[in-house]
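Undergrad: My questions concern the predicted model and sequence given below.
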Amino acid sequence: MKSAHSQKGMSILSWLMVLAFIAFFASAVFKMLPHYLDYMSLEKIITSVETDPSMDIRSVGAFYGHVAKGMEVNTIRDLDLKDSLKVKIENNEFKAHLKYEKREPLIQNIDLVVRFDKEFRVRMP
């Protein structure tokens, strides 16, 4: 039998602490990942106005309509489009400012918060 000084490796308690640490961060990642995927989808929807010439979007209302349809297709339901996206027309291009915040509860009164704030300049087709 070997003595305690010659044994190597992690104890059960150490392994449980490592697993708890991994589980905590995995939980945080899985709660925030859908919000980042929604944001990336919104970016693609907004920039597609410029890249798809078949759409004839020339007004702010048509721009909002295009984004709303894209949100419906991508099942982005928990975002108010009128509050989070501001669109203006300047110099024959759309200036779209996407700004919103999402909170996800983590543990009791501790929340994970992500803020998205990006301005797009999209040329009219």
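TA: Perfect, I can see it now.

Undergrad: And Leu33, which helix or strand is it part of?
TA: Here Leu33 sits within helix 12-51, counting by DSSP states H and E.

Undergrad: Ok, Met55 next?
TA: Remark: Met55 resides in no helix or strand, with elements defined by DSSP H and E.

Undergrad: follow-up on the earlier one: helices or strands up against the helix holding Leu33?
TA: The contact analysis (3 or more CB pairs under 8 Å, 6 or more residues apart in numbering; DSSP states H and E) places helix 12-51 against helix 60-73, strand 93-107, strand 110-123. Any C-beta I mention is one placed from the backbone N, CA and C, and that applies to glycine too.

Undergrad: Check the burial of the nearest residue to Pro105 once chain neighbours are set aside by counting its neighbours.
TA: Nearest non-adjacent residue to Pro105, counting by CB to CB, 6 or more residues apart in numbering: Asp111, 5.5 Å away. By other CB atoms under 10 Å, 12 other residues sit near Asp111.

Undergrad: Would you check that Asp111 makes contact with Met32?
TA: No - between Asp111 and Met32 there is no contact under CB atoms under 8 Å: 11.0 Å.

Undergrad: if I look at those two, which residues touch both of them?
TA: Counting by CB atoms under 8 Å, 6 or more residues apart in numbering, the residues touching both Asp111 and Met32 are Glu104.

Undergrad: ok now do the residue nearest the centre of the chain, which residues does it touch?
TA: Computing the C-alpha centroid of the chain and ranking residues by CA atoms, centre = their mean puts Tyr36 first, at 2.0 Å. By CB under 8 Å, 6+ apart, the contact set of Tyr36 is Val114.

Undergrad: How much space separates the closest residue to Val113 other than its chain neighbours from Phe30?
TA: Distances taken as CB to CB, 6+ apart put Arg103 closest to Val113, at 5.3 Å, once the chain neighbours are dropped. Distance of Arg103 to Phe30, computed by CB to CB, to the nearest Å: 16 Å.

Undergrad: just to revisit the earlier point, tell me which of the helices and strands packed on helix 12-51 sits nearest to Phe21.
TA: Distance to Phe21, taken as CB to CB, is lowest for strand 93-107 among these, at 14.1 Å.
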